[in-house]
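Engineer: got a sequence here, can you model it:
(2 chains)
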There are 2 protein chains.
Amino acid sequence: MLQGKVLVAQGGGPTAVINQSLVGVVLEGRKHRNVNLVYGALHGVRGIVDEDFVDLTQETTHNLEMVGDTPSSALGSTRDKPDLKYCQEIFKVLKAHDIRYFFYIGGNDSSDTVRIVAEEARKADHPIRVVHIPKTIDNDVVLNDHTPGFPSAARFVVQAVLGANLDNRSLPGVYIGVVMGRHAGFLTAAAALGKKFPDDGPHMIYLPERTFRVESFLSDVKNAMDRYGRCVVAVSEGIHDESGQPVVTRLAKEIERDAHGNVQLSGTGALAELLTDAVKTKLGISRVRGDTFGYLQRSFIGCVSDVDQREAREVGEKAVQYAMYGDSNGSVTIERTGYYSVDYKLVPLESVAGKTRTMPDEFIAPNGTDVTDAFRLYLRPLLGKGLPDAFRLRPNRVAKILKA
Amino acid sequence: MLQGKVLVAQGGGPTAVINQSLVGVVLEGRKHRNVNLVYGALHGVRGIVDEDFVDLTQETTHNLEMVGDTPSSALGSTRDKPDLKYCQEIFKVLKAHDIRYFFYIGGNDSSDTVRIVAEEARKADHPIRVVHIPKTIDNDVVLNDHTPGFPSAARFVVQAVLGANLDNRSLPGVYIGVVMGRHAGFLTAAAALGKKFPDDGPHMIYLPERTFRVESFLSDVKNAMDRYGRCVVAVSEGIHDESGQPVVTRLAKEIERDAHGNVQLSGTGALAELLTDAVKTKLGISRVRGDTFGYLQRSFIGCVSDVDQREAREVGEKAVQYAMYGDSNGSVTIERTGYYSVDYKLVPLESVAGKTRTMPDEFIAPNGTDVTDAFRLYLRPLLGKGLPDAFRLRPNRVAKILKA
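Structural biologist: Numbers count the residues shown, from 1 in each chain, chains lettered A, B, ... in the order given. As a prediction, this is how the structure comes out:
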């Protein structure tokens, strides 16, 4: 084992459990005698380049546990995507501070960063062990059954859509919920688990893995309204037309033509606005509501999957164990071994870096607007314990007297 | 006591605990020997006029308890606001079905509906007892310390803002959360309880009780950015300018003038879009995000205050007890008797009907963009048990080497 310091950092969008991975690294890292100190870099790779370090060896175990239960990146994050020169800067700092173990918690881009840093270390003959720890609510890291952060975000989407369906049932109309996920539809698809009774919404789900056609969408909404007298829809922010153009851009132009004006596109609520406008104007339905789940789906406190917490903690802990007892750099992955059990593996950084996983066809229903039972089977255990359930009154109808 | 049937209905926007009040009425109503049957009207007053009744005497107690824990109106709701003729129709149906007790769970308009129905019954010499049961997430019913439904919606807002603040701290910028409440700012003000550490957001709160000035808003945002390097804002959807014009309308025109185009106003995300656009264009800040909490704040399942649940149940139960053992119609109110304890009173329907309560001055800080400790003291017990808490790493900074 190398004698020196451990450095851990968090990159990209926060999740509800990304601090569990951080705490997993710190607690395991502090156990090893060859580890002098455990540092954390503030705001990801940016904090490394700027030498903005905190000494996590001086943090209490109890507070670490509390931080582990707190959503969002406790060390701060960054959107910086380092190029070669940036990675060389990172390496210089690691060398100057005698860092011998570097753990980067992030999405698929982050694994490439640690790969290049390791390359620079090799060239400079500075022995270092680097491990990438996966996180992302999009669930788009390859070679993983799923990625820490996704189950809790999925749970939020399930609880949101379950409640929105109840609201829509009470005051019928069209409800459109826009869910995060630019290329992978996993999080939007999770909305399907909010459905309990046969006539419950979501009645349609639109994923970035399938081409979105405004005409089909409007006809689907009309069919649901005819059938149920109401309609609940989950839409991925990343839906696009046959040419790959995002719907948010294309639909804006159509609405523009109708209204002879311009539509403001910037900002996060645009897609929901445009889709509700389309339903109102083209179908003449008056009660149409759109919610963009926005940042709540990744940051809301108090909606977390215990399975996700546990696994996020373990990938952090396993990363340190692989670094200490193993002989190679890599990315920790989650492998499903049973229903429901998992194990963790270390895979080469190159096999994960820069790749994007999307929903496999077997998870998407042939009509393209629903999920399959295979997906339900896949997702349900990830949502964890104590998922709220919705109940209805039984329809013991009373005979009419005046209008009999 | 009158011998006959009990009828219960739910009106207006659903809440997370409105079914607790329903179950309170049904369970208490079924106990009394003078009650032949307990009916529920589907979709509020609309269901009464249409004779759309279900027999709740034939519902299992266990399922009623499960329904009580489920958000949104289990009987369905309506936006109908009955006029005199509508109320006369209601009365005809009540009479035809031998309804002797009518309980209407709703906002301040609903109390006026039951008042007129009682008036018609009196004219027709048909003895009936009517009681209004309060609910609203806006907390705007007069003579109540607070209204069932508000505490759970407030809890959602607290948890949302608490999480959004953590997200914003991790990836700094400007975050604007738009909260429901057209005239009363209680729900927006609740965001203040999401603040823990001194530099936490929300850094500003904008209420409909105060005039909103775009220039002050922009200067407040700039000050917060200068001071904290980031800024979290909670805004009520009902903010307006000095003339009472909603900001969503006014700001749209300003942006329009800047962009020489039209802004689509319809739909729910408009205010967030407009405010984020204003910050981007006028202050030149690039990372500006806006979330409209939308329907999630009243329908999200799994975010409920146990205090709210208990009180919503009790106002339903008390309504029946007042109807059975008392000698007058009325509206059940919640009175605070200690810290924290409440009692329930029956007040005349006229004293509640059609009136709107707003935030008292003592709850709003002199600068107009924060709440007072009096408000914190008021709100905290309502949020209930097990409110999630956020923790931070302690800043044990490491000395720089390369940039020392």
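Engineer: from here on, just use CA atoms for contacts and neighbour counts.
Structural biologist: OK.
Engineer: not counting residues beside it along the chain, what's closest to the closest residue to chain B within the stretch 301-404 of chain A?
Structural biologist: Using CA to the nearest CA, A:Arg397 is the residue of the stretch 301-404 of chain A that sits closest to chain B, at 4.3 Å. Once its chain neighbours are removed from consideration, A:Arg397 has its nearest residue in B:Val54; the separation is 4.3 Å (CA to CA, 6 or more residues apart in numbering or on different chains).
Engineer: count the neighbours of A:Arg122 for me.
Structural biologist: A:Arg122 has 12 neighbouring residues, counting by other CA atoms under 10 Å in any protein chain shown.
Engineer: from A:Asn329, how far off is it?
Structural biologist: Using CA to CA, to the nearest Å, one obtains 12 Å as the distance from A:Arg122 to A:Asn329.
Engineer: who's in contact with stretch A:205-218?
Structural biologist: Under the contact criterion CA atoms under 8 Å, 6 or more residues apart in numbering or on different chains, stretch A:205-218 has outside partners A:181-185, A:188-189, A:191-192, A:233-242, A:244, A:247, A:251, A:278-279, A:282-283, A:358-359, A:368-371.
Engineer: circling back: tell me who's in contact with the residue of the stretch 301-404 of chain A closest to chain B.
Structural biologist: Contacts were defined as CA under 8 Å, 6+ apart; by that measure A:Arg397 touches B:Asp52, B:Phe53, B:Val54, B:Asp55.
Engineer: per-residue confidence for the second one?
Structural biologist: It refers to B:Phe53. Each residue has a pLDDT score; the one for B:Phe53 is 98.
Engineer: phi, psi of the residue in the stretch 101-250 of chain A positioned nearest to chain B?
Structural biologist: Per CA to the nearest CA, A:Ser170 is where the stretch 101-250 of chain A lies closest to chain B, at 3.9 Å. Main-chain torsions, A:Ser170, degrees, to the nearest 10: phi -70, psi -40.
Engineer: check which element follows the helix or strand bottoming out on mean pLDDT in chain A along the chain.
Structural biologist: When the helices and strands of chain A are compared on mean pLDDT, DSSP states H and E, helix A:247-259 comes out lowest with a mean of 62. Read in the C-terminal direction, the helix or strand following helix A:247-259 is helix A:270-283, with elements assigned using DSSP states H and E.
Engineer: quick one: buried residues of that following helix?
Structural biologist: A:Ala270, A:Leu271, A:Ala272, A:Glu273, A:Leu274, A:Leu275, A:Thr276, A:Asp277, A:Ala278, A:Val279, A:Lys280 (16 or more other CA atoms under 10 Å in any protein chain shown).
Engineer: ok and it relative to helix B:270-283, angle-wise?
Structural biologist: Between the axis of helix A:270-283 and that of helix B:270-283 there is an angle of 130 degrees, by axes from the mean of the first three to the mean of the last three CA atoms, to 10 degrees.
Engineer: and the residue nearest to A:Arg397, what element?
Structural biologist: Using DSSP H and E, B:Val54 sits in strand B:53-55.
Engineer: is any part of the helix or strand just after that strand close to chain A?
Structural biologist: Going down the chain from strand B:53-55, the next helix or strand is helix B:61-68, by DSSP H and E. Yes - in this structure, helix B:61-68 sits against chain A according to CA under 8 Å from any CA of the partner chain; the contacting residues are B:Asn63, B:Leu64, B:Met66, B:Val67.
Engineer: now do stretch A:218-230, average pLDDT.
Structural biologist: Rounded to a whole number, the mean pLDDT of stretch A:218-230 is 98.
Engineer: next: stretch A:143-157.
Structural biologist: Summarised as a single mean, pLDDT over stretch A:143-157 is 98.
Engineer: now neighbour count and pLDDT too, for the residues of helix B:61-68 next to chain A, in JSON lines please.
Structural biologist: As requested, the residues of helix B:61-68 next to chain A are exported to JSON lines (neighbours: other CA atoms under 10 Å in any protein chain shown; pLDDT from 0 to 100):
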{"residue": "B:Asn63", "neighbour count": "15", "pLDDT": "98"}
{"residue": "B:Leu64", "neighbour count": "23", "pLDDT": "98"}
{"residue": "B:Met66", "neighbour count": "18", "pLDDT": "98"}
{"residue": "B:Val67", "neighbour count": "24", "pLDDT": "98"}
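Engineer: where exactly do the strands run in the stretch 1-150 of chain A?
Structural biologist: Taking DSSP state E, counting those that start in this stretch as the test, the strands found in the stretch 1-150 of chain A are A:4-10, A:35-41, A:53-55, A:99-106, A:129-134.
Engineer: many thanks, we can stop here.
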